[in-house]
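[1] the following block contains a protein sequence and its predicted model.
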Amino acid sequence: MRTLQSRHIGIVVSDMPSALHFYRDFLGLTVIQNLCRWGTYISALTNLKDVKLEIQILKVPDGNKVELLCFHSEPRVRGHHARTCEVGRSHIAFTVKDLNAVYEARSDYGVTFRTPPIHSPDGVLVCFCFDPDGTLVELVQPLEETSSKPNAVPEDDAAKTMC
């Protein structure tokens, strides 16, 4: 088998308006399609009985897509704030232009960040935040080479964080 391309990232959400506030309004993704699915096909595909599913498809500026999935026919239990090491938990990463500005806007959108942006030894500014359901979202800003990195993690400390 050969994979041809990445199609989309799917994220199950408990409340579509809250999810759209985060992904569309805070992160700036564009809604390109709104679907409602029910019936034999979607029930067979999900292996759930009598599914009613709302799907919002959002486009990232580079062409990738994020599918937000809200199962109206199933109990909608919010997740918790994931730990980065949890088995089976994943995260989604986005490249942003100005991570400090995104971080400063967090209270306007009610977004919780794990840490302020920090400089990585890889030459990027990086941090994690949470969507409304506790999904980890990594935000990365590529940096120009500079000698001043105020929040840099020292190389020896960074090496200790590796396996």
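    It's in. Numbering: from 1, shown residues only.
[2] lowest confidence element among the helices and strands of the chain?
    Least confident helix or strand, the chain: helix 155-160 with a mean of 54, by mean pLDDT, DSSP states H and E.
[3] burial count for residue 29?
    Residue 29 has 22 neighbouring residues, counting by other Cβ atoms under 10 Å. Every C-beta, even on glycine, is put in place using the N, C-alpha and C of the backbone.
[4] do the one 4 residues further on as well
    Residue 33: 11 surrounding residues under other Cβ under 10 Å.
[5] using PDB, write out every CA atom in the helix or strand it falls within.
    Residue 33 is located in strand 30-38, with elements delineated by DSSP states H and E. Output of strand 30-38 as PDB, limited to C-alpha atoms (Å, rounded to 0.1, in the frame of the first residue of the first chain):
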ATOM      1  CA  THR A  30     -12.100  28.800   6.900                       C
ATOM      2  CA  VAL A  31     -15.300  26.800   6.900                       C
ATOM      3  CA  ILE A  32     -15.700  25.400   3.400                       C
ATOM      4  CA  GLN A  33     -18.500  22.900   4.000                       C
ATOM      5  CA  ASN A  34     -21.300  22.100   6.500                       C
ATOM      6  CA  LEU A  35     -22.800  18.600   6.400                       C
ATOM      7  CA  CYS A  36     -25.400  16.600   8.300                       C
ATOM      8  CA  ARG A  37     -25.200  12.900   7.900                       C
ATOM      9  CA  TRP A  38     -27.700  10.200   9.100                       C
END
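[6] and for that strand, what's in contact with it?
    For strand 30-38, the external contacting residues (Cβ atoms under 8 Å, 6 or more residues apart in numbering) are 20, 24, 50-59, 65, 73.
[7] wait, residue 12 sits on residue 71?
    Yes: the criterion here is Cβ atoms under 8 Å, and residue 12 meets it with residue 71 at 6.9 Å.
[8] now do the contacts for residue 46.
    So residue 46 contacts residue 53 (Cβ under 8 Å, 6+ apart).
[9] swap in 7 Å and give it another go.
    The contact partners of residue 46, by Cβ atoms under 7 Å, 6 or more residues apart in numbering, come to none.
[10] cool, residue 60 as well?
    The contact partners of residue 60, taken as Cβ under 7 Å, 6+ apart, are 29, 66, 94.
[11] and the gap between the closest residue to the first one other than its chain neighbours and residue 69?
    By the measure of Cβ to Cβ, 6 or more residues apart in numbering, the closest residue to residue 29 outside its immediate chain neighbours is residue 58, 3.9 Å from it. Spatial separation of residue 58 from residue 69 under the definition Cβ to Cβ, to the nearest Å is 12 Å.
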